[in-house]
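Enquirer: All I have is the shape, not the residue letters:
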Ligand SMILES: C[S@@+](CC[C@H](N)C(=O)[O-])C[C@H]1O[C@@H](n2cnc3c(N)ncnc32)[C@H](O)[C@@H]1O
Ligand SMILES: O=C(c1ccccc1)c1ccc(O)c(O)c1[N+](=O)[O-]
Ligand SMILES: [Mg+2]
């Protein structure tokens with residue numbers, strides 16, 4: 001029984017990154033994915049756009065849908081101000097186990113709550129589990145057919161407030177047509193498309209940033 005790609009990615013972090021240095025963890029994963037094995041992290045090019053949006057929002061409470069190995073978790077958490085929290089949801093236990101170790105290697109475990117389970121079940125529990133009133137920032141990067149139902153669920157659970165920012169990965173590739181149609185035509189959001197490329201490739205992809213208007 002051989003290792004899995006997430007396990008090989010973790011080994012590359014442990015070998016090439018410095019404990020407590022988030023940027024070195026990001027660099028080690030990007031190097032591994034460019035030169036060894038492609039993996040579905042948001043990547044460095046779209047990651048820079050993610051960084052700029054997170055820095056602009058400067059969230060006290062942030063939510064990530066889809067952790068995988070924790071690459072974007074580290075990107076977001078490293079930019080959070082003291083006292084703020086990132087909650088990240090992952091329903092694959094093997095991926096969650098790797099992510100926990102990557103986040104720990106970066107020294108960001110105190111800023112991150114990694115919760116194992118499906119977003120559809122966990123989102124309605126956010127207030128009870130974590131005392132969250134609303135999210136200032138949400139990064140959507142889980143299976144693409146869940147973006148729309150989970151955005152609606154966040155609205156229904158009153159987890160968005162005037163000014164909350166949703167940032168969605170992969171709106172071109174693999175694509176999230178139903179989500180884009182809804183969010184771009186809804187009077188309750190102001191949306192903008194950031195053109196980029198699918199991680200570690202020349203294929204077009206992009207991020208959709210949507211501000212909830214209340
Ligand atoms: C593209 S990967 C996330 C990549 C990560 N955001 C990054 O950029 O490093 C998508 C992840 O979402 C998880 N996932 C998919 N649907 C989910 C759901 N409904 N609830 C929780 N996790 C989900 C998958 O198991 C997978 O690990
Ligand atoms: O769906 C895929 C996918 C499809 C086929 C093969 C590998 C990955 C994918 C590709 C790039 C992404 O940034 C991403 O978030 C995902 N995803 O799974 O959520
Ligand atoms: Mg993605």
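Expert: Alright, I've got the coordinates. It should be emphasised that the depicted structure is a prediction, and the values quoted were computed from it without experimental measurement. Ligands and ions are numbered 1, 2, ... in the order given.
Enquirer: Could you count how many residues lie near whichever residue of the chain sits closest to ligand 3?
Expert: Taking CB to the ion, ligand 3 has its nearest neighbour within the chain at residue 169, 3.7 Å off. No exception for glycine: its C-beta is placed from N, CA and C like everyone else's. Other residues lying near residue 169 total 32 when counted by other CB atoms under 10 Å.
Enquirer: Ok, residue 11 next?
Expert: 13.
Enquirer: Please identify which helix or strand holds it.
Expert: According to DSSP states H and E, residue 11 maps onto helix 5-16.
Enquirer: average model confidence for that helix?
Expert: If you average the pLDDT over helix 5-16, you get 98.
Enquirer: what about the strands in the protein?
Expert: Along the chain, the stretches classed as strands by DSSP state E are 61-65, 85-90, 112-116, 135-140, 160-168, 189-197, 204-212.
Enquirer: I'd like to know how far the closest residue to residue 10 other than its chain neighbours sits from ligand 2.
Expert: Excluding the flanking residues, the one nearest residue 10 by CB to CB, 6 or more residues apart in numbering is residue 98, at 5.0 Å. Using CB to the nearest ligand atom, to the nearest Å, residue 98 is found at 15 Å from ligand 2.
Enquirer: so residue 98 touches residue 67, yeah?
Expert: No. The pair residue 98 / residue 67 is not scored as a contact, 9.2 Å apart, by CB atoms under 8 Å.
Enquirer: got the contact list for residue 29?
Expert: Counting by CB atoms under 8 Å, 6 or more residues apart in numbering, residue 29 touches 9, 12, 13, 39, 41, 69, 71, 102.
Enquirer: By neighbour count, which of those residues wins?
Expert: Highest neighbour count within these, by other CB under 10 Å: residue 71, with 29 neighbours.
Enquirer: Next, the contact list for that one, please.
Expert: Taking CB under 8 Å, 6+ apart, we find residue 71 in contact with 26, 29, 41, 42, 47, 102.
Enquirer: Let me know whether the lowest-mean-pLDDT helix or strand in the chain sits next to ligand 1.
Expert: The helix or strand of the chain with the lowest confidence, counting by mean pLDDT, DSSP states H and E, is helix 126-130 at a mean of 96. No. Judged by CB under 6 Å from any ligand atom, helix 126-130 and ligand 1 are separated, with a smallest distance of 13.1 Å.
Enquirer: Who are the packing partners of that helix?
Expert: Judged by 3 or more CB pairs under 8 Å, 6 or more residues apart in numbering; DSSP states H and E, the packing partners of helix 126-130 are strand 85-90.
Enquirer: Recalculate using a threshold of 7 Å.
Expert: Applying 3 or more CB pairs under 7 Å, 6 or more residues apart in numbering; DSSP states H and E, one finds that helix 126-130 contacts no other helix or strand.
Enquirer: picking up where we left off before, mean pLDDT and mean neighbour count added to the strands of the chain, as JSON lines?
Expert: Output for the strands of the chain, formatted as JSON lines (pLDDT from 0 to 100; neighbours: other CB atoms under 10 Å):
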{"stretch": "strand 61-65", "mean pLDDT": "99", "mean neighbour count": "26"}
{"stretch": "strand 85-90", "mean pLDDT": "98", "mean neighbour count": "23"}
{"stretch": "strand 112-116", "mean pLDDT": "98", "mean neighbour count": "19"}
{"stretch": "strand 135-140", "mean pLDDT": "98", "mean neighbour count": "24"}
{"stretch": "strand 160-168", "mean pLDDT": "98", "mean neighbour count": "19"}
{"stretch": "strand 189-197", "mean pLDDT": "98", "mean neighbour count": "15"}
{"stretch": "strand 204-212", "mean pLDDT": "98", "mean neighbour count": "21"}
